[in-house]
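Engineer: Structure for this input, please:
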Amino acid sequence: MAPRTVTRADLAAAARAALGSDRKIREVARLAGGTTKGVYRLALDDGTTVIAYLWEDSENYWPRAPNENDAAGPFSPGNGIGLFATARSRLASLGLRVPEVYLLDRDRAYYPADIAILEDFPGEDLLAFAERDPAAAEPTLGRLRAGLPGPRARQGELHRRGRDAPLADERGGRAGPRATMRRRGGRAGPQDR
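Structural biologist: Numbering: from 1, shown residues only. Now for the predicted structure:
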């Protein structure tokens, strides 16, 4: 199934919840690489950008698997907002710089599918950087290797934690990304990249 066209109007409520009402989406651009979720760069009217992840069926190019609900299965899908939140927390615990999450909404209050809006790291991705300058990329790759021993052995744990982990920082009024944004003046700017 081909993804539907996602517009500024479609994402306006989620962007408002994530970033406040003083910033508006100027442009929505679909990015390559999201085979199980939609990945979009939102250009805002103040010149900054954020990323939106959309977990909806029309964005998932993989067929349904017979082991779809087997969290411990090695071929079960590594997909979903809960697994994303768990994996992001794991990478942050290793001391890696991970994008700040501005909205994590699996209640579908702002969009008709699970959605995350997070900090954009524009520029070269890690794979391209490693291919271009292996020596410069090695410290980061080394920390990844050291911090993620036996990913296959831990996959079932990540799936279970991803499905069951409470997301206490999902939306306004709770501690988490929105509170962090308020302390920083309510917006992510170029200095945060």
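
Engineer: would you say residue 98 is within a helix?
Structural biologist: No - the assignment for residue 98 (DSSP: H, G, I helix; E, B strand; the rest coil) gives coil, which keeps it out of a helix.

Engineer: and it, what does it touch?
Structural biologist: Contact partners of residue 98, counting by CB atoms under 8 Å, 6 or more residues apart in numbering, are 88, 91, 92. C-beta coordinates here come from the backbone N, C-alpha and C atoms, glycine included.

Engineer: Could you dump those into JSON lines with secondary structure added?
Structural biologist: Conversion of the contacts of residue 98 to JSON lines gives the following (three-state DSSP):
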{"residue": "88", "secondary structure": "helix"}
{"residue": "91", "secondary structure": "helix"}
{"residue": "92", "secondary structure": "helix"}
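
Engineer: Can you tell me which of these lies closest to residue 135?
Structural biologist: Of all the contacts of residue 98, the one with the least separation from residue 135 (CB to CB) is residue 91, at 22.4 Å.

Engineer: residues touching that closest one, list them.
Structural biologist: With contacts taken as CB under 8 Å, 6+ apart, residue 91 has the following neighbours: 98, 147.

Engineer: cutoff 6 Å now
Structural biologist: Residue 91 makes contact with residue 98, according to CB atoms under 6 Å, 6 or more residues apart in numbering.

Engineer: Residue 10 now?
Structural biologist: Applying CB under 6 Å, 6+ apart as the definition, residue 10 turns out to have no contact partners.

Engineer: do residue 42 as well
Structural biologist: With contacts taken as CB under 6 Å, 6+ apart, residue 42 has the following neighbours: 25, 28, 50, 52.

Engineer: Confirm residue 50 sits in a strand?
Structural biologist: Yes - under the criterion used here (three-state DSSP), residue 50 sits inside a strand.
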